[in-house]
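Participant: okay, structure incoming, though there's no sequence with it:
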């Protein structure tokens, strides 16, 4: 499984990429493989506030619906509308075109509690 | 239930070797998918796929009067079933509710094979035992016998390579025996996918040999092992019911729209009086097929169904149809609303999405 070194991770399988005072969030390669074919994504509304570990998006595979959580506190500033037409981008390019939302951090140093690549690799075994 | 207490089929190691993801299902540890549900689904619709159905129960019923007895236990008419043919039928309780749906094959003059749902083996057996006269033998051979389903439009071409070009394949709903290795296997021209194909029954001693030989011979036809995930999307596109979801002891076959498999002309079978009453008065609810309008989340079991703001029922099965690329489902709604074309709303995470009742099945072969 692909776990890029330059990203942070959550226990609930989101990846986090720092972009100045924002973070870009998606789900990991491991998570998309577990979910299998993604058929629908319910995106968070731009402008909404989100608390740490709050469920703010839903990914549906053929079999089931799964919640996606805000890794840290902040405000949604962008959502990947390309996923509405092509939810399978999450399977084909989980770290690229398959990103889900961009969140503006309430506190810029909030990322210290997130896992690094080595810790996430250990989690998924 | 912990994974350690789950039952496994003779093919479990083979599923692991092929990279299957294993999940609990009806007390069994079974493959839910190998290459992916959508990929396996398309393989069955366009080539041929192979499923392990060894978890299903297999009962043998024989003896003088076996046919008459079974005919009083099951809803379809066994008097019309010729030797080496099978029919879909129901085992009902006294109030007409569904204990199980099954296929009964007449494998001899007075010999019958019943193939039942995995999760209902004990319950079916107890019910049959309770009503069994001494002169009739009932044997549960589930532990010694396995099964696979070979399903897809290339099934006949596969048969010629696998069993032999000189051999006659059983016709639709028929069953025939063929020598295989040191044993004998039975091929029934039945299935749960809407495609042509076979369900194969064999002693577990040759299970691995049967599976591997089918994979090898099937390679030229693009055969793939398929899991329960694709089995569910395939059957739902055909509106085939799943017991425990679309059928239950509180629902009867007429409510489920499956009266075709109930012969009310028969003088007696368990549940008959209640079904005659349902037929006379009309069912209060009916199992309908519904399709979501446009892109949106697919329906899932237990979602509420609304019409003009009023809750009229609940989803029993739902998924994204891989063939149609839209959300499809089945659910019971009040009979007055159960009309093809009726506009509905499905409540998903607090929001209502439009849907419409559609004629069964969703998937029609082009």
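Facilitator: Yep, that arrived. Computed from a predicted structure; not experimentally measured.

Participant: only C-alpha atoms for contact and neighbour calcs from this point on.
Facilitator: Fine.

Participant: tell me which element residue 44 falls in.
Facilitator: Just so you know, I chose chain A. Using DSSP states H and E, residue A:44 sits in no helix or strand.

Participant: wrong chain, I was asking about chain B
Facilitator: Secondary structure (DSSP H and E) places residue B:44 in helix B:37-46.

Participant: check whether that helix contacts chain A.
Facilitator: Yes. Counting by CA under 8 Å from any CA of the partner chain, chain A has neighbours in helix B:37-46: B:37, B:38.

Participant: buried set for that helix?
Facilitator: B:37, B:38, B:39, B:40, B:41, B:42, B:43, B:44, B:45 (16 or more other CA atoms under 10 Å in any protein chain shown).

Participant: turn the residues you listed into CSV, columns for pLDDT.
Facilitator: Output for those, formatted as CSV (pLDDT from 0 to 100):
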residue, pLDDT
B:37, 95
B:38, 95
B:39, 96
B:40, 98
B:41, 98
B:42, 98
B:43, 98
B:44, 98
B:45, 98
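
Participant: so where do the helices sit in chain A?
Facilitator: Secondary structure of chain A (DSSP state H): helices located at A:29-35, A:82-85, A:89-92, A:117-124.

Participant: pull the residues that contact the third one.
Facilitator: Residues from elsewhere that reach helix A:89-92, judged by CA atoms under 8 Å, 6 or more residues apart in numbering or on different chains: A:27, A:29, A:32, A:33, A:36, A:37, A:38, A:83, A:97, A:98, A:99.

Participant: for the last one, which non-adjacent residue is spatially closest?
Facilitator: Nearest non-adjacent residue to residue A:99, counting by CA to CA, 6 or more residues apart in numbering or on different chains: residue A:26, 4.4 Å away.

Participant: so the one you found sits against residue A:102, correct?
Facilitator: No. Between residue A:26 and residue A:102 there is no contact under CA atoms under 8 Å: 9.1 Å.

Participant: where does residue B:183 fall, phi/psi-wise?
Facilitator: Here is the backbone geometry of residue B:183 (degrees, to the nearest 10): phi -130, psi -170.

Participant: so where's chain B uncertain?
Facilitator: Confidence mapping of chain B against pLDDT under 70 gives the ranges B:1-4, B:366.

Participant: quick one: the worst-scoring helix or strand of chain A on mean pLDDT near chain B?
Facilitator: Across the helices and strands of chain A, mean pLDDT, DSSP states H and E gives its lowest value to helix A:29-35, namely a mean of 93. No. Helix A:29-35 stays clear of chain B (CA under 8 Å from any CA), getting no nearer than 9.0 Å.

Participant: from the chain's centre, how far out does that helix sit?
Facilitator: How far helix A:29-35 lies from its chain's middle: 12 Å, per CA atoms, centre = their mean, to the nearest Å.

Participant: got a list of what the spatially most central residue of chain A touches?
Facilitator: Centroid check for chain A by CA atoms, centre = their mean gives residue A:26 as the closest residue, at 2.5 Å. Counting by CA under 8 Å, 6+ apart, residue A:26 touches A:14, A:15, A:16, A:94, A:95, A:98, A:99, A:100, A:101.

Participant: now do the contacts for the residue of the stretch 51-200 of chain B found nearest chain A.
Facilitator: With CA to the nearest CA, the shortest gap between the stretch 51-200 of chain B and chain A falls at residue B:193, namely 16.6 Å. Counting by CA under 8 Å, 6+ apart, residue B:193 touches B:44, B:151, B:231, B:234, B:235, B:238.

Participant: quick check, the second one in contact with residue B:43.
Facilitator: No. Residue B:151 is beyond contact range of residue B:43, at 9.2 Å (criterion: CA under 8 Å).

Participant: overlap in contacts of the two?
Facilitator: By CA under 8 Å, 6+ apart, the residues touching both residue B:151 and residue B:43 are residue B:49.

Participant: one step back: out of the contacts of helix A:89-92, which end up buried?
Facilitator: A:27, A:29, A:32, A:33, A:36, A:37, A:38, A:83, A:97, A:98, A:99.

Participant: just checking, what packs against the helix or strand following the helix holding residue B:44?
Facilitator: Sequence-wise, the next helix or strand downstream of helix B:37-46 (DSSP H and E) is strand B:49-52. Counting contacts by 3 or more CA pairs under 8 Å, 6 or more residues apart in numbering or on different chains; DSSP states H and E, strand B:49-52 packs against strand B:145-151, strand B:224-226.

Participant: what about residue 89, neighbour count?
Facilitator: Using chain A here. 20 (other CA atoms under 10 Å in any protein chain shown).

Participant: that was the other one, I meant chain B.
Facilitator: 23.

Participant: ok, now residue B:291?
Facilitator: Residue B:291 has 25 nearby residues by other CA under 10 Å.

Participant: I'd like the helices and strands packed on strand B:49-52 laid out as a markdown table, including distance to residue B:52 and mean neighbour count.
Facilitator: Shown next, in a markdown table, are the helices and strands packed on strand B:49-52 (distance: least, CA to CA, whole Å; neighbours: other CA atoms under 10 Å in any protein chain shown):
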| stretch | distance to residue B:52 | mean neighbour count |
| --- | --- | --- |
| strand B:145-151 | 5 | 27 |
| strand B:224-226 | 8 | 25 |
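
Participant: just checking, residue B:357 touches residue B:345?
Facilitator: No. Between residue B:357 and residue B:345 there is no contact under CA under 8 Å: 10.4 Å.

Participant: picking that back up, winner for burial among the helices of chain A?
Facilitator: Among those, ranked by average contacts under mean count of other CA atoms under 10 Å in any protein chain shown, first place goes to helix A:89-92 (a mean of 22).

Participant: from the chain's centroid, how far away is that helix?
Facilitator: 12 Å.

Participant: average pLDDT across that helix?
Facilitator: Here helix A:89-92 scores 97 as its mean pLDDT.

Participant: next, the contact list for residue B:248, please.
Facilitator: Contacts of residue B:248 (CA under 8 Å, 6+ apart): B:97, B:98, B:99, B:100.

Participant: in chain A, which spans are strands?
Facilitator: A:8-9, A:14-19, A:22-27, A:38-42, A:49-50, A:55-61, A:65-69, A:74-79, A:101-105 (DSSP state E).

Participant: spit out the contact partners of the residue nearest to residue B:241 when sequence neighbours are not counted.
Facilitator: For residue B:241, ignoring the flanking residues on the chain, the nearest one in space by CA to CA, 6+ apart is residue B:247 at 6.8 Å. Residue B:247 is in contact with B:98, B:241, B:253, B:256, counting by CA under 8 Å, 6+ apart.

Participant: I'm done for today, thanks for sticking with me.
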